[in-house]
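# Predicted model and sequence follow; I will ask about them next.
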Amino acid sequence: MTTRIDTRFAELKRQGRAAFVTFLMAGDPDVETSLAIIRALPKAGADIIEIGMPFTDPMADGPAIQASGLRALKAGMTLRKTLALVRDFRVDDDTTPVILMGYYNPIYIHGVERFLTDAKGAGVDGLILVDMPAEEDGELCIPALKAGLNFIRLATPTTDDKRLPAVLANTSGFVYYVSITGITGTAAADIASVAAAVARIKRHTVLPVCVGFGIRTPDQARAIAGCADGAVVGTALVDVLQRSLDAEGRATPKTIAAVADLVAALAQGVRGAGQAAQ
């Protein structure tokens, strides 16, 4: 079965450029603003949208994304409302791939089978679960694949050649390479090491390889897009969103445009890599 993610990467390959993947937390700073921002992303240049599922114990996230999740939870965001957000986004956009990213606990509480049915029905295309190793594939990964959702696995600088085949075994859609060790938003990626890592992963898989963590500027996005199939940006977007809020953490008239403007600048960076390669 071909998903929107597969279709989008095939289109981008024909265009000769990398994907620009954006990450934002569902419900930050409130449901209405969050939906408006997510609706603005494709027009601003996002090729694939990752939406965070707010969770009380986000162990892999840096301070900015943790704070984003807490704002969303404070605004009353739940997994059910996150799925409703995707459903509302799909009213006007049936082509942009949407990936839910987060932790297993909320899905487990929702019920795996029910979650997969609800996610598919809402228009979700893939899942990234940071706390579900390959050894747990029977729990969610295999059922997700059977339900027609891509299950996107993370590879890191510490994923060696012995471990990589297990990580890639049931991965689909693309491989998400975490360019730095540690939590999100804390360092910049080293392009030479990223290029070597992407080349090594590609020796083991035909899937596209996207790189995230440590990309904050159009120049960094261009450099990553020059050596990978996609650049993922999250913390920089969450930071600009946070800076647009008022003293009480509420949206202001600047919030939607602040995020969309940065997405547009980063998208130009990613597209610039494709033009430079031609």
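Everything's here; your move. Residues are numbered from 1 along each chain as shown.

# Which positions within stretch 73-90 qualify as buried?
73, 75, 77-79, 81-86, 89-90 (16 or more other CB atoms under 10 Å). To be clear about C-beta, it is placed using only N, CA and C from the backbone, and glycine gets the same treatment.

# With stretch 215-235 instead?
Applying 16+ other CB under 10 Å to stretch 215-235 flags 215-216, 218, 220-235 as buried.

# rewinding a little: now the buried residues of stretch 73-90 in CSV, with distance to Thr156?
Listed next are these as CSV, based on distance: CB to CB, whole Å:
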residue, distance to Thr156
Leu73, 27
Ala75, 31
Met77, 28
Thr78, 30
Leu79, 26
Lys81, 31
Thr82, 26
Leu83, 29
Ala84, 33
Leu85, 29
Val86, 27
Phe89, 30
Arg90, 32
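
# Kindly indicate which of those residues lies nearest Ile49.
Ile49 lies nearest to Phe89 out of the buried residues of stretch 73-90, by CB to CB, at 8.1 Å.

# what does whichever strand or helix holds that closest one rub up against?
Phe89 is part of helix 79-90 when elements are defined by DSSP states H and E. Contacting residues not belonging to helix 79-90 are listed as 26-27, 31, 34-35, 38-39, 51, 53-54, 98, 100, 106-107, 109-110, 115, 118-119, 121-124 [CB atoms under 8 Å, 6 or more residues apart in numbering].

# Derive a ChimeraX selection command for the buried subset of these.
Those of those that count as buried under 16+ other CB under 10 Å are selected in ChimeraX with:
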select :26,27,31,34,35,38,39,51,53,54,98,100,106,107,110,115,118,119,122,123,124
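
# Where helices are concerned, which of the contacts of helix 79-90 count?
Using DSSP state H, the subset of these located in helices is 31, 34-35, 38-39, 106-107, 109-110, 115, 118-119, 121-122.

# Could you find which two of these are furthest from each other?
Maximum pairwise distance in those, criterion CB to CB, is 28.2 Å, between Arg39 and Ile109.

# ok, for Phe55, nearest residue in space, not its chain neighbours?
Distance criterion CB to CB, 6 or more residues apart in numbering; nearest residue to Phe55, sequence neighbours excluded, is Tyr103 at 4.7 Å.

# er, Leu245 I mean
Using CB to CB, 6+ apart, the nearest residue to Leu245 is Pro29, at 5.7 Å.

# can you give me the helices in the protein?
Secondary structure of the chain (DSSP H): helices located at 4-15, 31-44, 63-74, 79-90, 104-110, 112-122, 141-146, 164-168, 191-202, 218-225, 235-243, 255-277.
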